[in-house]
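Student: Prediction below, plus the sequence it came from.
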Amino acid sequence: MESNLEQNLEQNPSETERQIPYSGIKDFLENSEDGKKLLQSLSDNRVTRGIDTWKQNNLDKLIDEEIGKRFPPETEEKKKLRDLERKHSELVRELKKKDMLTKAVEIATEKRIPLKLIDKLIGEDEETTLSNLGLFEEVFTKAVEEAVAEKFRANGREPSGSGIPNIPVKRDDLVGRVLSNI
């Protein structure tokens, strides 16, 4: 329809001076498909521009206000308090670790477990540490027993190459030797 109007105006230049009645424009915009599309396009453009303008003028300010509400700025006191709490928790963790180390060393010494591996056996709490020590003791003892058994299988049960003849000694003779050395 718009193209018909443009063609009509080009063909009859004198009609450009003529006024189009309001009812004709209203009828065109409300009832014809081309008119409805034109109105929809114009209103979409205006709404889009309005939204863009509003975003440009207001959105950053609203976002900053909301961030400020949800995450208020930290005061110096809060920063110091947070830092002290962090240091306190680190000290408590270190103290627990030292207590676990002391207890683990006592248990390892009692059970004759090598102390070089104690740091690896310490857990987060006493129960974990004791469990780790028990497991290590079990595995270590088993490995030593297997190594001794393998050695005995290879060389027999009799010690060899000691250079001392294997002569039975009576108890009284042994006690006499010990007392004479005193």
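Tutor: That came through fine.

Student: Distance check, R93 against D125.
Tutor: When distance is defined by Cβ to Cβ, to the nearest Å, R93 is 11 Å away from D125. For every residue, glycine as well, the C-beta is placed using N, CA and C.

Student: before we move on, what about V105?
Tutor: V105 is 17 Å from D125, by Cβ to Cβ.

Student: which one of these two has more residues nearby?
Tutor: Remark: of V105 and D125, V105 carries more neighbours, 14 against 11, as counted by other Cβ atoms under 10 Å.

Student: the helices in this structure, which residues?
Tutor: 2-11, 22-31, 33-54, 60-70, 76-111, 118-121, 126-155, 171-181 (DSSP state H).

Student: Of the ones you listed, flag the one that's most buried.
Tutor: Stretch with highest mean neighbour count among the helices of the chain: helix 118-121 (a mean of 15; mean count of other Cβ atoms under 10 Å).

Student: CA atoms only: put it into CSV for me.
Tutor: Provided in CSV are the C-alpha atoms of helix 118-121 (Å, rounded to 0.1, in the frame of the first residue of the first chain):
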residue,chain,number,x,y,z
ILE,A,118,56.0,-40.7,61.0
ASP,A,119,55.2,-37.4,59.1
LYS,A,120,53.5,-39.5,56.3
LEU,A,121,51.4,-41.4,58.8
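
Student: could you say what helices and strands that helix packs with?
Tutor: helix 76-111, helix 126-155 (3 or more Cβ pairs under 8 Å, 6 or more residues apart in numbering; DSSP states H and E).

Student: need the contact list for A108.
Tutor: Counting by Cβ atoms under 8 Å, 6 or more residues apart in numbering, A108 makes contact with 114-115, 118, 121, 133.

Student: nope, S131 is what I meant
Tutor: S131 sits next to G123 when contact means Cβ under 8 Å, 6+ apart.

Student: Give me the distance between it and L121.
Tutor: As defined by Cβ to Cβ, S131 lies at a distance of 9 Å from L121.

Student: before we move on, what about T129?
Tutor: T129 is 7 Å from L121, by Cβ to Cβ.

Student: joint contacts of those two?
Tutor: Counting by Cβ under 8 Å, 6+ apart, the common neighbours of T129 and L121 are A104.
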